[in-house]
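[1] Here is the input, now give the coordinates:
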Amino acid sequence: MKKVTRSPILKAVAFILCLVCVGLATMTGGKTLEWFLEQQRNGQDGEVGVYTFEADFNESYILNNPFSSASGILDRMLRGGGESDRDMRQLKDNFAGDYYAKLGGTVIKNADLTQEEVENSAYYVVIRPDEVYTNVRLWYNGVLERWNPDYNYAFDNAAHNQTVENARDILQPGDCIMLRMTEQQVSPLYQRWQEGKQTFEGALRRVLMLFAVAIVSFLYLLFVTGRKPEDEAVHLVLIDRLFVELNLALIAGIVGLSIALSFVAIEELSYGNGSGVAVIFQLLTLLLVCSFAMVMELILSLVRNLKNRSFVARSFILRACKWCWKVVKKLWFWFIRMCKKGLARAGLRQGYAVERSFQKL
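    Numbering: from 1, shown residues only. Take a look at the predicted model:
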């Protein structure tokens, strides 16, 4: 059995398997991130966004943000006196449902809606003076506080608070902002959210499985490293001669540098124009595989020293402490000897003086 478990071939296979798993996990994460960035840049729904790790579609950004954006755009157009090409284009890009907005004599709509029709829809928002009815979450965009004093955020800014009060003063009965999405209208958003959720969860499962295989392989290497089939001795290699502190410093440096470069690459991809994504992730995969190989070998070196009971002997700090202790002991014993010699000489001189005194008598 030892011939199999301690076989150099099996050790090499386990080592390579760890590296392959890390590489595949990195590539899987990279492909997933690339997909999300591509969806974000080229989404058919303008600024609607993609799946952002919500557990429920009703709480998702992809559903709630269109209502928040549309209410803000409509409020801006109403108070600006009417429609503008820029605002209408932005409204069309952000909101795929029906809307009806009225402020005084200004009406902006793409459908004649009643409050009853809106509230019977799958998702809706009704904003009236001092009244808000909705079954979605509205992010803060200043609309609610300009229509309803219950949503007064009380900024410590007199000019802002006065502007809000002036915005409320012009409201009249019958003024409103009504938004709705039917099941048919919200279906593309749900499909997009569901696709993102399935893509992320599928990638997460694959990454976890790969890391589980890598951990099992690494634990096997920890168990058999330094052992050979023919004996129970621990066989060291050249790297095991490194001081323990240097080994640990290399591990920390490699891990820290890899994490830093990974964050830099992901940030560059997130805020860049999307060019060179595949090349960056290939380089990042190569970096992480090489880093993992070096860290793994350094950890195995520490384990071999522990098995060989040479861990303390390979520690520079412990060696230095041991040397300092020996020096202190030598100095202490030297001091004791000097004291004894001094006392002995003093005793002899005193005895000689007493003897001379007796001779004189």
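[2] can you give me the strands in the stretch 1-150 of the chain?
    In the stretch 1-150 of the chain, the strands defined using DSSP state E, counting those that start in this stretch lie at 98-103, 106-109, 123-128, 131-134.
[3] From the chain's centroid, how far away is the first one?
    Taking the mean of its C-alpha atoms, strand 98-103 sits 42 Å from the chain's own mean (CA atoms, centre = their mean, to the nearest Å).
[4] which other helices and strands contact it?
    Strand 98-103 is packed against helix 61-80, strand 106-109, strand 176-181, with contacts defined by 3 or more CB pairs under 8 Å, 6 or more residues apart in numbering; DSSP states H and E. In this view, the C-beta of every residue, glycine as well, is placed from N, C-alpha and C.
[5] got the CA positions of the last one in CSV?
    Put plainly, it is strand 176-181. Taking C-alpha atoms only, strand 176-181 is exported to CSV below (Å, rounded to 0.1, in the frame of the first residue of the first chain):
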residue,chain,number,x,y,z
CYS,A,176,-49.5,62.3,-10.1
ILE,A,177,-46.7,60.1,-11.4
MET,A,178,-48.0,56.6,-12.2
LEU,A,179,-45.7,53.7,-13.4
ARG,A,180,-46.5,50.1,-14.1
MET,A,181,-45.1,46.9,-15.6
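[6] in its sheet, what does it sit against?
    strand 98-103 (antiparallel), strand 123-128 (antiparallel) (DSSP bridges).
[7] tell me the contacts of residue 102?
    If you count contacts by CB atoms under 8 Å, 6 or more residues apart in numbering, residue 102 has them with 78, 108, 174-176.
[8] Kindly present the strands paired with strand 176-181 as a markdown table, with separate columns for mean pLDDT and distance to residue 31.
    Formatted as a markdown table, the strands paired with strand 176-181 follow (pLDDT from 0 to 100; distance: least, CB to CB, whole Å):
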| stretch | mean pLDDT | distance to residue 31 |
| --- | --- | --- |
| strand 98-103 | 94 | 38 |
| strand 123-128 | 94 | 32 |
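[9] just so I know, which of the ones you listed lies nearest residue 92?
    Nearest to residue 92 among these is strand 98-103 (10.6 Å), distances taken as CB to CB.
[10] Tell me what angle the closest one forms with helix 61-80.
    Interaxial angle, strand 98-103 versus helix 61-80 (axes from the mean of the first three to the mean of the last three CA atoms, to 10 degrees): 30 degrees.
[11] and strand 98-103, which residues are buried?
    98-103 (16 or more other CB atoms under 10 Å).
[12] tell me the pLDDT at residue 10?
    Note for residue 10: predicted pLDDT of 91.
[13] Quick one: residues contacting it.
    So residue 10 contacts residue 4 (CB under 8 Å, 6+ apart).
[14] ok, it to residue 215 distance?
    As judged by CB to CB, to the nearest Å, residue 10 and residue 215 stand 17 Å apart.
[15] ok, now residue 252?
    From residue 252 to residue 215 the distance is 20 Å (CB to CB).
[16] just residue 312 next, same as before
    Taking CB to CB, one finds residue 312 at 28 Å from residue 215.
[17] hey, which of the helices and strands packed on strand 98-103 is tucked in deepest?
    strand 176-181 (a mean of 24; mean count of other CB atoms under 10 Å).
[18] Now the strands of the stretch 1-150 of the chain in a markdown table, please, with extra columns for distance to residue 16.
    Formatted as a markdown table, the strands of the stretch 1-150 of the chain follow (distance: least, CB to CB, whole Å):
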| stretch | distance to residue 16 |
| --- | --- |
| strand 98-103 | 59 |
| strand 106-109 | 64 |
| strand 123-128 | 52 |
| strand 131-134 | 56 |
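[19] SS state for residue 235?
    At residue 235, secondary structure determined by DSSP: H, G, I helix; E, B strand; the rest coil is coil.
[20] Now that it has come up, it's in contact with residue 228, right?
    Yes. Counting by CB atoms under 8 Å, residue 235 touches residue 228, with 5.8 Å between them.
[21] Please give me every residue in contact with the residue lying closest to residue 108 once chain neighbours are set aside.
    Of all residues not flanking residue 108 in the chain, residue 101 sits nearest, at 4.7 Å (CB to CB, 6 or more residues apart in numbering). By CB under 8 Å, 6+ apart, the contact set of residue 101 is 74-75, 77-78, 107-109, 176-178.
[22] The residue nearest to residue 104 when sequence neighbours are not counted: how many residues sit nearby?
    Distance criterion CB to CB, 6+ apart; nearest residue to residue 104, sequence neighbours excluded, is residue 172 at 6.3 Å. Neighbour count for residue 172, taken as other CB atoms under 10 Å: 10.
[23] Got phi/psi on residue 172?
    Backbone dihedrals for residue 172, given as degrees, to the nearest 10, come out at phi -130, psi 160.
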